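Student: structural data only, the sequence is not supplied:
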């Protein structure tokens, strides 16, 4: 059986290769690609007509079939592995409807290489815009919840041990800061992938006098990719998007890990609604935080997709090849689509998590978490070096533990004893000053002008976060609006070809 796509090849693609390699690739890509392929074909045909490479009648016939296939959807096509890829399957249906002479002109002045690269960039651009929108939504929720709980004192941890008192709002504000940077990474990836490869041909451009800028503009790209070989050889902007997406998943995965601990019986500092939990098949008392477990694990999907991408690109020739330009993206689409779908769940977790202020306050003052403030008091009131103050405070904690005392029960004489035993010094302090130094809420309010959890600093942090969110929302609008406008313009141009040409009446 001869090849159905080549006059050179004497044999069709083997049935084994079709089944194992080509048909799964085509089937996976066809439905998501069809709306984008429709736009690409529309823009290409309009440009070919405008540059005099297609007669109006031919362009009109092609656009009518492109529209009809878009309306019919994937069901209009019988996918065939022998046709090698998405485009040849699409083209075969166009030719079946219009014939070889008209249908075969759709592919004038382009290659599957620049066509596929454009498809990939448009699909990645949609994912980037969805992730940008999702990151902004999460930031908006974090800021709102941070403002609501700015004075909800909770324990802060380092090495998962009691460190210093903070507030729940302060914690959420920190997560929002991380998402600000994730937004910047998504934005950078979007800007680098928002260039149009069409017109690059197979690798060296085309001999036809096409207008690359016109096609690029009709598809909403910022510009054509300048170098024809680079346009078809490079998928790094897409892998950069995957890297940025991995950061987003890592950020909310870390939040999910913290919420996972905080919602345990042992911590009991946070409650999540039953709608975000599951039960046990055998233990009826169980409320398992399965949603948080999935959120913690989501980054592994993106990491796997990223490793596939880089492994496929390792030592790949700097040109078009399917291992680098198809296998490298094999898991990218599923991983990014999953992430886009996951973000509303993260948003629910942020908005519906309810802190337990009483339990948080109890733990915030436990396990000597305000000891640093006592050391600071020694420095500020008695002029000690911090090293000396640190040593004395460590001795205070040890003596209190040995005596079975909590942080709120430390007496003045114990502090004096620790200072005497450690440095031989007599300290000038009152019981009231010691109690104030060790109070967790007071400790929070003392942390001013360092980006800390005090009400003073939190107001500054929230104001900055809100201002940056507003600026980033403007950026989002500035990058999405041109794509929407281009889509409107493309529809208008295509509509021109569906209207009959007015002929001048002969006199």
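Tutor: Structure's in. What do you need? Quantities reported herein were computed from a predicted structural model and do not represent experimental measurements.
Student: where do the strands sit along the stretch 151-300 of the chain?
Tutor: Applying DSSP state E, counting those that start in this stretch to the stretch 151-300 of the chain gives strands spanning 153-158, 161-167, 195-196, 223-224, 270-271.
Student: and among those strands, the most buried is which?
Tutor: Greatest average neighbour count among these goes to strand 195-196 (a mean of 22), per mean count of other Cβ atoms under 10 Å. (C-beta placed from N, C-alpha, C; glycine too.)
Student: center of this protein - which residue?
Tutor: residue 245 (3.4 Å; Cα atoms, centre = their mean).
Student: hmm, back to that, and of the strands of the stretch 151-300 of the chain, who's closest to residue 79?
Tutor: strand 195-196 (26.8 Å; Cβ to Cβ).
Student: in its sheet, what does the closest one sit against?
Tutor: strand 223-224 (parallel) (DSSP bridges).
Student: quick one: distance of the strand it pairs with to the chain centre.
Tutor: Its chain's C-alpha centre and that of strand 223-224 lie 24 Å apart, by Cα atoms, centre = their mean, to the nearest Å.
Student: again, but for stretch 365-378
Tutor: Centre to centre, stretch against its chain (Cα atoms, centre = their mean), the figure for stretch 365-378 is 39 Å.
Student: residue ranges for the helices of the stretch 51-200 of the chain, please.
Tutor: In the stretch 51-200 of the chain, the segments counted as helices under DSSP state H, counting those that start in this stretch are 56-72, 86-98, 100-103, 112-148, 168-193.
Student: just to revisit the earlier point, for the residue nearest to the centre of the chain, what are its contacts?
Tutor: 127, 131, 186, 302, 335-336, 339 (Cβ atoms under 8 Å, 6 or more residues apart in numbering).
Student: at 10 Å instead, please
Tutor: Contact analysis of residue 245 by Cβ atoms under 10 Å, 6 or more residues apart in numbering lists 127-128, 131, 134-135, 182, 185-186, 189, 299, 301-302, 305-306, 332, 335-336, 338-340.
Student: what do you get for residue 256?
Tutor: By Cβ under 10 Å, 6+ apart, the neighbours of residue 256 are 249, 289, 291-298, 345-346, 349.
Student: now do the same contact list for the residue nearest to it when sequence neighbours are not counted.
Tutor: Closest residue to residue 256 apart from its sequence neighbours, by Cβ to Cβ, 6 or more residues apart in numbering: residue 295 at 3.9 Å. Neighbour list for residue 295: 249, 252-257, 259-260, 276, 289, 342, 345-346, 349 [criterion: Cβ under 10 Å, 6+ apart].
Student: by neighbour count, which of those wins?
Tutor: Compared across the contacts of residue 295, residue 252 has the highest neighbour count, 30 neighbours, by other Cβ atoms under 10 Å.
Student: how far does stretch 94-112 stretch from start to finish?
Tutor: 16 Å (Cα to Cα, to the nearest Å).
Student: average pLDDT across that stretch?
Tutor: Here stretch 94-112 scores 96 as its mean pLDDT.
Student: now do the buried residues in that stretch.
Tutor: Within stretch 94-112, the residues scored as buried using 16 or more other Cβ atoms under 10 Å are 94-95, 98, 102-103, 105-107, 109-112.
Student: let me know the closest of these to residue 407.
Tutor: Distances from residue 407 to those, taken by Cβ to Cβ, are shortest for residue 112, at 70.3 Å.
Student: so that closest one makes contact with residue 87?
Tutor: Yes - with contact defined as Cβ atoms under 10 Å, residue 112 and residue 87 form a contacting pair (5.2 Å).
Student: what's the spacing between residue 204 and residue 227?
Tutor: 10 Å (Cβ to Cβ, to the nearest Å).
Student: quick one: contacts of the lowest-mean-pLDDT helix or strand in the chain?
Tutor: The weakest-scoring helix or strand in the chain, judged by mean pLDDT, DSSP states H and E, is helix 322-325 (a mean of 80). For helix 322-325, the surrounding residues in contact (Cβ under 10 Å, 6+ apart) are 21-22, 25, 85, 113, 116-117, 120, 232-235, 238, 309, 311-319, 328.
Student: now list the buried members of these.
Tutor: In the contacts of helix 322-325, the ones that pass as buried (16+ other Cβ under 10 Å) are 21-22, 25, 85, 113, 116-117, 120, 232-235, 238, 309, 312-313, 316, 328.
Student: give me the below-cutoff pLDDT ranges for the stretch 401-507 of the chain.
Tutor: 501-507 (pLDDT under 70).
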